[in-house]
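1. The following comprises the amino acid sequence and a computationally predicted model.
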Amino acid sequence: MLQELLKSPPIVPYIRECDFAVRKPWNYPERRLLDYLLVYIQEGTCCFWVDQQKYIFNPGQFCLVQPGSLLSLEGLTSTVTPFLHFDIAYNHEREDSFPTRPGQIDLSAYSHLMQPTLQELFNIRVPVHVQPQDPLLLKEKLLQTIELVHLPNPLNQLRAQQIMLEIILTLLESYQREVLSPTPSLNWITSYFSNHLSDPLSVQDMADRANLSVSRFSFLFKQRYGTSPHQYLLQMRIHHAKELLINTELSLESISEYCGFADLHHFSKIFKQRTGASPGEHRKSRKNPSNR
């Protein structure tokens, strides 16, 4: 874990370009970004195409375009759209980077300047149409940052850096609930089943063992093994019963008990449904192959 953290670029926001952008109906042709672009629609209506998907933005809404995205921008009316072009991860060549211009789509020559996405940095998916938990707070921070950047004072620059961190946190925290947590490992499940074949296991027991809800456990189990936990356990019980029928002289009642069936009748019924033969027939046919 420590090695992974050490390999990750440090989080040092860098504001590349920002303004309040007061414009009459306008159009900015297609390009691909190296950095992040955060736009607040203060007045007017905009139509943005991001990675070939259309977004309409109205006053009070936010747009976040992440590095590598293909976009074109259009103001459908007169607009006021404060914006920030910025980096999040530190890159020692960041001063060589730039807000791309219309027509700059193939950025292979500038791949060393490409910022990682939020998904890559934090494993958090933030959509293009950002809906922060506190829109007014994000708006105030964005406007304040733009004002500070345009005041050439070291303290103001430091304050702008601080607020940029707060903006990034605001964006991330709004979608932190959507973090894709690592899928719990179910590698232990087959051993667990084997050690509890004779026990009356329920799916609730299995989910408790995995520290998951029944629905979450059942979903992950089916995703991993292609069937439900109950059906998988039942198949293991049938398989074990087959081995006992062939390799031991145990009675059918004992095998039924060892394999976790409620009684001999239940065992015989399920076994025949699954194999096409009763337990007794299976034992006899396997011990006398010539009779098959």
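-> Structure received.
2. Can you show me the helices along the stretch 151-292 of the chain?
-> Listed in chain order, the helices of the stretch 151-292 of the chain (DSSP state H, counting those that start in this stretch) span 154-173, 189-195, 203-209, 214-225, 229-247, 252-258, 264-275, 279-287.
3. Could you save those helices as CSV and add columns showing mean neighbour count and mean pLDDT?
-> The way it works is simple: take the backbone N, C-alpha and C, and place the C-beta from them, glycine included. Below are those laid out as CSV (neighbours: other C-beta atoms under 10 Å; pLDDT from 0 to 100):
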stretch, mean neighbour count, mean pLDDT
helix 154-173, 16, 94
helix 189-195, 14, 81
helix 203-209, 16, 85
helix 214-225, 15, 84
helix 229-247, 17, 90
helix 252-258, 17, 91
helix 264-275, 16, 92
helix 279-287, 16, 83
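4. Give me the buried positions along stretch 108-124.
-> 110, 113, 114, 115, 116, 117, 118, 121, 122, 124 (16 or more other C-beta atoms under 10 Å).
5. quick one: it to chain centroid distance?
-> Chain-centre distance of stretch 108-124: 17 Å, with C-alpha atoms, centre = their mean, to the nearest Å.
6. Also stretch 131-141?
-> That offset, for stretch 131-141, works out to 24 Å (C-alpha atoms, centre = their mean).
7. now it: mean pLDDT?
-> Stretch 131-141 shows a mean pLDDT of 93.
8. contacts for that stretch?
-> 40, 42, 60, 62, 163, 166, 167, 170, 171, 173, 174 (C-beta atoms under 8 Å, 6 or more residues apart in numbering).
9. Just give me the closest of the residues you listed to residue 22.
-> residue 42 (9.2 Å; C-beta to C-beta).
10. Which element, helix or strand, includes residue 31?
-> strand 26-32 (DSSP states H and E).
11. buried set for that strand?
-> Those would be 26, 31, 32, for strand 26-32 by 16+ other C-beta under 10 Å.
12. wouldn't residue 80 be in contact with residue 43 here?
-> Yes: with contact defined as C-beta atoms under 8 Å, residue 80 reaches residue 43; the gap is 4.1 Å.
13. quick revisit: dump the contacts of stretch 131-141 to TSV, plus distance to residue 90.
-> Shown next, in TSV, are these (distance: C-beta to C-beta, whole Å):
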residue	distance to residue 90
40	25
42	30
60	32
62	25
163	18
166	18
167	17
170	20
171	18
173	21
174	24
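14. Between all of those residues, which two are separated the most?
-> Most distant of those, by C-beta to C-beta, are 42 and 173, 22.9 Å apart.
15. Next one: residue 202, what pLDDT does it get?
-> 87.
16. show me where pLDDT drops low in the stretch 51-200 of the chain?
-> Applying pLDDT under 70 to the stretch 51-200 of the chain picks out residues 177-184.
17. got a list of contacts for the helix or strand hosting residue 14?
-> For residue 14, the host element (DSSP H and E) is strand 11-19. Outside strand 11-19, the residues that touch it by C-beta under 8 Å, 6+ apart are 35, 82-90, 94, 97-99, 121, 145-146, 149-150, 160-161, 164-165, 168.
18. Sort out for me which of these are in helices.
-> 121, 145, 146, 149, 160, 161, 164, 165, 168 (DSSP state H).
19. Show me which pair in the residues you listed is furthest apart.
-> Checking the ones in helices among the contacts of strand 11-19 with C-beta to C-beta, the most distant pair is 121 and 146, at 23.6 Å.
20. rewinding a little: can I get the strand holding residue 31 as PDB, trimmed to CA atoms?
-> Provided in PDB are the C-alpha atoms of strand 26-32 (Å, rounded to 0.1, in the frame of the first residue of the first chain):
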ATOM      1  CA  TRP A  26     -20.400  31.700 -29.100                       C
ATOM      2  CA  ASN A  27     -18.800  28.500 -30.200                       C
ATOM      3  CA  TYR A  28     -15.500  26.800 -29.300                       C
ATOM      4  CA  PRO A  29     -14.700  23.900 -31.800                       C
ATOM      5  CA  GLU A  30     -13.700  20.400 -30.900                       C
ATOM      6  CA  ARG A  31     -10.400  19.800 -29.000                       C
ATOM      7  CA  ARG A  32      -9.000  17.300 -26.400                       C
END
